[in-house]
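[1] Structure for the following, please:
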Amino acid sequence: MVKHEEKMKNRALLLVFTAICLLLSACQGKAAPTTASAPTDIPTMPPATATDIPATATPSPEPTPTLSPTPSAPRGTLSLAHKFGFGSGIRLSPFGLQLSADEKRLIATTSAGVFVFSADDLKLLAAIYEPTQQPSYPLRRHMRVSQDGSLAAGFSINADYILTIKFWDTSTGSLRAEHALESETGDDFVIIVDFAISPDNTQVAAVSDNGTILIINVSDGKIVETIDQYVNNTQSPLWIEFDPIGKNAYYIFQDVSFTGVQSYGLNSTSWDEVSFADADTIDFPWDAGAFAPLLSKPAGFRWGYFTRAGSRTIQAWEYSTFGKRFEIKRQDSISAIAFSPDGQWVIMGGTNPTQLETWPVETVKAPQETFPVARPLWAVAASSGGQTFYGISNDGKLNMWKSGETSPVHQQSGFLPVASRLEFSEDGLSLRLTTANNEIYEIDPQDGKLQNIYPNPNILEEMKDEVPVSIAVSADKSLLAVVYFSLDDYAIRLFDLNSGKFIRKIPSKHRLDLVEFSPDGRALFTQGPKHPVQVLDIETGEVLNEIPIDDALGEYLFEMRVSRDKSTLALFGELGVVEIYSTATLEVLQTLEVDPNTWSIALSDDGSLLAYYSVDGTVGCWDIASNTLLPPLEFGPPTSAAETPGLAFSPDNRSLALSTWDGVIRIYNVAP
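    Numbering: from 1, shown residues only. Next up is the predicted model:
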């Protein structure tokens, strides 16, 4: 069971990660979107009937004594209709593309798993959905494909929170084996930061976050070697990689001096040291890179191209000796890098301009060929001979180019970005994903096809470069209330949504996680983690009313939700209790006890239904009026890195959409 402290830490890390993503997006020179960029065909929701906010003394409502709905008489059923999305990656992430040994299959490793496409026309051949589960997402790999492309391996945490390794056949997508890895020390919750499959597909060499190396047999999942003599030297494990013939594995890590890095060559038969090298320099570009698939000619170097995120320099290093061979000075940083299978080409994703670049190995002045692309590429690949090239761009498209042809010859969409917010359009015909870089992706909820991409119309030029934590729009679409990420400024900023101009600050004494407008637009509901829900006058900032944190909820409020028609408010506390209030009277309408490890809740547009998603992969639905539960659905083991998902009901309450941090969207039927 996830402890409360871990849950709060994960939520804080998620907020920080979202802020970093926004700042990285800003650093790429992207102009701030304005309301003028929004599509004109977005339906407008009619204003709700005005309801006065009571300005009476603070009420102390008594929750109804119905903490246990009767599942024996459910309102209906919940069933998975379909899912879509191939997952995603970020700039210089460990996710990427590679070709099979015969170069007939293109294999994409993403946050959602492994997906195999025809190298000729990008037709999907096999899908292995295995969501990212490591808390270090998206910086560390959780899945990897063998050098010949026939075998995929992945680490995950099973239902008993034990580290598990799985193996798949990439030609069919079928699971070959699954093994729980119980350590000799009894510490089964191990975080793997990198691993490699030997060229003969017989062993996996994996590195944990403390620097221990585990050698695992592919045939039976047994840990045959545990190498922990480097733990005291390790500040941060970086890579482990087999050489092209599998004779040695190279373990590279940043040492405890913070500036140095070390490389140990290990004999793959005895796992004894065969080489050692170190570099006491802050210049070693260890953030990201690509290892050469073959020994360089004629000297036989074991080498790769490496860089740092944001750096404009690419350096070639011989990683068994840490000898720097040469470097490439660029005018911009790169977003992706890979070698062709024959080791003769290096493929890079340029960022200014955004393009795919083909570089003959050891060329330092300029690429031989470039292909323009609308968005930065986070994964690239090339065929042997340098005639065919591939790349996945940030707009969710897998592109295939032929040498000499500027435009892609084939495209495959579906690599959806991670959504920070999910909602249906008012007519229910589109599903809107708001991403960390403040763009909205509209997709068809029936087949997952991308309909449109446009800037978030609620991110205004007047908001400058601050990171918004919560954005609320009044029912008549005239006002915008925003809370920003800040350590000391808790005020709410009010904007004119039509002009984009700043109106004033509404002071708050507490750190706020969420703001929502009242039905009449004259007040704001505010929620902070350890403070009552307050109703603030938008003119004066006066506290008109508040809802104390009920003992049943616990000390922390995890979430507040307001239905789209502004009639209903839901509070979810740390003890796993949800309380439903009328926004007109602030009276408790209903109470439900759910799993404390629930990560997210959602209200239907009219406030009649509440959906919840738990970290163990459970999706449930509650009919508030009748206080009955639909039988819940379980779709998988714990997905710790896929927490805080997006949940949204369709306007007709017949569909429920769930987006998780693996980049996959699931659509559920809610039957009456």
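[2] Relative to residue 458, how far out is residue 442?
    Remark: distance between residue 442 and residue 458 (CB to CB, to the nearest Å) = 15 Å. Every residue, glycine included, has its C-beta placed from N, CA and C.
[3] Which helix or strand contains the closest residue to residue 624 other than its chain neighbours?
    Among residues not flanking residue 624 along the chain, residue 590 sits closest, at 5.0 Å (CB to CB, 6 or more residues apart in numbering). Per DSSP states H and E, residue 590 falls inside strand 588-593.
[4] starting at the chain centroid, how far to stretch 490-506?
    A distance of 30 Å separates the centroid of the chain from that of stretch 490-506, by CA atoms, centre = their mean, to the nearest Å.
[5] That one - what's its average pLDDT?
    This predicted structure assigns stretch 490-506 an average pLDDT of 92.
[6] Identify the neighbouring strands of the helix or strand following the strand holding residue 590 in the sheet and state each direction.
    Under the assignment DSSP H and E, the closest C-terminal helix or strand after strand 588-593 is strand 598-603. Strand pairing for strand 598-603, determined by DSSP bridges: strand 609-614 (antiparallel).
[7] okay, the angle between the strand it pairs with and strand 588-593?
    Orientation check (axes from the mean of the first three to the mean of the last three CA atoms, to 10 degrees): strand 609-614 against strand 588-593 gives 30 degrees.
[8] Toward the C-terminus, what is the element adjacent to strand 609-614?
    Counting by DSSP H and E, the next helix or strand C-terminal to strand 609-614 is strand 618-623.
[9] Would you check that residue 286 makes contact with residue 255?
    No - Residue 286 lies out of contact with residue 255 (CB atoms under 8 Å); the separation is 11.3 Å.
[10] which neighbours do these two share?
    By CB atoms under 8 Å, 6 or more residues apart in numbering, residue 286 and residue 255 have these common neighbours: residue 261.
[11] Which neighbouring elements make contact with the strand holding residue 590?
    strand 577-582 (3 or more CB pairs under 8 Å, 6 or more residues apart in numbering; DSSP states H and E).
[12] circling back to that earlier point, more neighbours: which of residue 442 and residue 458?
    residue 458 (21 against 18; other CB atoms under 10 Å).
[13] Correct me if wrong: that one contacts residue 473.
    Yes - using CB under 8 Å, residue 458 is in contact with residue 473, at 6.3 Å.
[14] For the two, list the residues in contact with both.
    Residues touching both residue 458 and residue 473 (CB under 8 Å, 6+ apart) are 480, 497.
[15] Break down the stretch 401-550 of the chain into its strands, ranges please.
    Using DSSP state E, counting those that start in this stretch, the strands of the stretch 401-550 of the chain run over 410-413, 419-424, 431-435, 439-443, 450-455, 468-473, 479-484, 492-496, 502-506, 514-517, 523-528, 531-537, 543-547.
[16] Make CSV out of the ones you listed and add distance to residue 325.
    Output for the strands of the stretch 401-550 of the chain, formatted as CSV (distance: least, CB to CB, whole Å):
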stretch, distance to residue 325
strand 410-413, 35
strand 419-424, 42
strand 431-435, 39
strand 439-443, 40
strand 450-455, 41
strand 468-473, 45
strand 479-484, 46
strand 492-496, 52
strand 502-506, 54
strand 514-517, 53
strand 523-528, 55
strand 531-537, 58
strand 543-547, 65
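[17] what about the helices in the stretch 51-200 of the chain?
    With DSSP state H, counting those that start in this stretch, there are no helices along the stretch 51-200 of the chain.
[18] Could you report the separation of residue 365 from residue 357?
    12 Å.
[19] what about those two, which has more around it?
    Neighbours per residue (other CB under 10 Å) separate residue 365 from residue 357, with residue 357 holding more: 22 against 7.
[20] Wait, the more buried one touches residue 348, no?
    Yes - Residue 357 lies in contact with residue 348 (CB under 8 Å); the separation is 4.6 Å.
[21] Could you tell me which residues touch both of these two?
    Common neighbours of residue 357 and residue 348, using CB under 8 Å, 6+ apart, are residue 367.
[22] No further questions, thank you.
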